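Chemist: Below are the sequence and a predicted model; questions follow.
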Amino acid sequence: MDAPDSPKLANFILEEVAKDLRTGRFNYVRTRLPPEPNGYLHIGHVKAFLIDYFTAKEFGGELYLRFDDTNPAKEETEFVEAIKEDIQWMGIQWVKETYASDYFDRLYEWAVRLVKMGLAYVDDQSPEEMSASRGTLHKAKWGEADMALKPGIESPYRNRSVEENLDLLERMKNGEFPEGSRVLRAKIDMSHPNILMRDPVMYRIIRTAHHRTGNKWCIYPMYDWSHGQNDSMEGITHSLCSNEYTIHRPLYEWFLEQLDEFRSRQIEFSRLNLTYAMMSKRKVRKLVEMGIVRGWDDPRLTTLRGLRRRGVTPEAIINFVIQTGETKNDSWVEMAQLEACIRDDLNKRAQRRMAVLHPLKVVIDNYPEGQVEWMDAINNPEDESAGTRKVPFSKVIYIEQDDFRETPPPKYFRLYPGNEVRLRYAYLITCTSVTRDPLTGAVTEVHCTYDPATRGGDAPDGRKVKSTIHWVSAQHAVPTEVRLYEQLFTTDKPDDFEDLDSIINPHSLEVLTNCFVEPSLAEAKPGDKFQFERTGYFCADLDSAPGKPVFNRTVTLKDTWAKIEKSTKL
RNA sequence: UGGGGCGUGGUGCAAUGGCAGCACAUCAGCCUUUGGAGCUGAGUAUCUUGGUUCGAAUCCAGGCGCCCCAGCCA
């Protein structure tokens, strides 16, 4: 697999890392990519991963993949494999795969050191008691003492002897106490203005089998007691994370300072917010469980698997991430920007084909019965090396219903009675009459005549036609199913809503079962990407079978006519 | 309001004391055997007030707004 090239990027993280190298704080660069194996990756994670990857790469450094598996109640091996597969698909390469659980023994030793230093203690308070004694964030309410904030209250167990703490911690580890009965806490400052410094929990008792360490452990480290220590143990120089961890940095640094261990540096950046995308793992899970989408790889989802199935390439995603840049600003990137990157990428790589999604039968009255001509068609005007192919033409063809109007609206250039259009790569045809359903009066067939002198689409007399439309020969047409997607949500910020039913776009999936595509598409394999001329980019779905392809619409082409029609109607 | 973070066109990102620029989006035009692609142009921005300076998006001071934190989640 090709690794994405380091693009020419510049951002504040790179500047900080360069500075660290210049000042000698570090003499190499190592970053880590820290997924928690409790769900599938989405495009927001990818942004974070790409930052880790490119930052290391920019300085000739290395990237570790470290699974943050500190909570056995939530994590599973299944997700480990899925995450690795997704990261590999993106082309992100790591030099070493590790797990937070690899360091449980050493981390425990470090905890014992802290206890011996008098900097950690076992607390017997209940979760409720601890919560109540943590103090408050805001100024005390009216009527109460006029103090800046309510400090926390020290635990009655805070001043146990080192010996007692050591004994209790050992017994917590050995499983002598029930889940939730005790924790190990760092002894810092219960009146610290940063609430994370008010004696944070380091270990809690969880009696659940871990996906890697089984039943060996009865205590598991909290994020704050695991992540930074693991960074240090691995010699990670730069621990890049999202802004919400900024407030954790003092604690991150406190632990390493007290332990006098290698000091990794945490740098925060803002995470990606994408309009019309659901980024919350919990809510995506809900969509799957409620059956609103067909699974974690539903093409309407911005999970990596969803995007992949939809037909989006890693390159498009990478370009998108680079385009949107890195800052600490809270920001909302428009979905249109992602779509633009997808079009830009697919325009260069996708071969063109003709496909009729909403078929209308056209009979070319003066074309010889039974005759078939194989027309030359260009595979990709953006890429000469893609070559050409032959497309069969015959007396009866299908065109798009939208490409015919009995009474044309203003500025409509396509087929209508008396008008001449070009059939792409074939002939100029003129509409002469229509056949109707005797009951409904609906047009069932359009009759045309063709000009035999215009084979290939050029008129010898130089006359111009304003429109070129696509078509498929009826006798050669391959029937297919096509799935059209729109935004899954009716709101641009779906994460703000808890009642998912109320924000689902009922038209987010439209299944077309009566489509016809040219014969070269019959054997399309899952993942094959095409541009259906004038319609959009499409990708053969996993559900495709030989001779029976199914296509997902990745993204539409820009539709200028739709815009004109809309504006003239208004 | 205790602590922390962040404020540049509609959106995202640049400009690191010296002509506020790029991409997406929007609008207009050119071109076109995809009403695709491409090309050209237009409109719209430095949160605010004051200060320093020949000169401020940038430095200083005050104000305003938005976001994050009171899990034995990560």
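Modeler: Alright, I've got the coordinates.
Chemist: Contact partners for A:A459?
Modeler: Residues in contact with A:A459 (CB atoms under 8 Å, 6 or more residues apart in numbering) are A:428, A:451, A:453, A:465. Every C-beta, even on glycine, is put in place using the N, C-alpha and C of the backbone.
Chemist: Taking those, tell me the two that lie furthest apart.
Modeler: Pairwise distances across the contacts of A:A459 (CB to CB) peak at 13.6 Å, for the pair A:A453 and A:V465.
Chemist: Neighbour count: the two, which is higher?
Modeler: A:V465 (17 against 11; other CB atoms under 10 Å).
Chemist: three-state assignment of A:V321?
Modeler: helix (DSSP: H, G, I helix; E, B strand; the rest coil).
Chemist: Can you tell me the closest non-neighbouring residue to the residue of chain A found nearest RNA strand B?
Modeler: Scanning chain A for proximity to RNA strand B using CB to the nearest atom of the strand identifies A:G457 as nearest, at 2.2 Å. Nearest residue to A:G457, sequence neighbours excluded (CB to CB, 6 or more residues apart in numbering): A:R422, at 5.0 Å.
Chemist: How about the helix-or-strand element of chain A with minimal mean pLDDT, which residues are buried there?
Modeler: When each helix and strand of chain A is scored by mean pLDDT, DSSP states H and E, helix A:560-569 comes last, with a mean of 88. By 16 or more other CB atoms under 10 Å, the buried positions in helix A:560-569 come out as A:E565.
Chemist: and for stretch A:285-304, what are the contacting residues?
Modeler: A:39-46, A:86, A:89-90, A:274, A:277-279, A:284, A:305-311, A:483, A:485, A:488, A:500-501, A:504, A:508-509, A:541, A:552.
Chemist: Could you work out the end-to-end span of stretch A:155-170 for me?
Modeler: Terminal residues of stretch A:155-170 lie 20 Å apart, using CA to CA, to the nearest Å.
Chemist: re earlier: is the least confident helix or strand of chain A anywhere near RNA strand B?
Modeler: Yes. Judged by CB under 7 Å from any atom of the strand, helix A:560-569 and RNA strand B are in contact via A:560-561, A:563-564, A:567.
Chemist: again, but for stretch A:42-54
Modeler: No. Shown here: stretch A:42-54 not in contact with RNA strand B (CB under 7 Å from any atom of the strand), separated by at least 10.7 Å.
Chemist: Just the C-alpha atoms of that stretch, please, in CSV.
Modeler: Extracted C-alpha coordinates of stretch A:42-54, given in CSV (Å, rounded to 0.1, in the frame of the first residue of the first chain):
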residue,chain,number,x,y,z
HIS,A,42,-14.8,8.2,11.9
ILE,A,43,-13.4,11.0,9.9
GLY,A,44,-12.8,13.1,13.0
HIS,A,45,-10.4,10.4,14.3
VAL,A,46,-8.7,10.4,11.0
LYS,A,47,-7.8,14.0,11.3
ALA,A,48,-6.2,13.3,14.6
PHE,A,49,-4.3,10.3,13.2
LEU,A,50,-3.1,12.2,10.2
ILE,A,51,-1.7,14.9,12.4
ASP,A,52,0.2,12.3,14.4
TYR,A,53,1.4,10.6,11.3
PHE,A,54,2.5,13.7,9.3
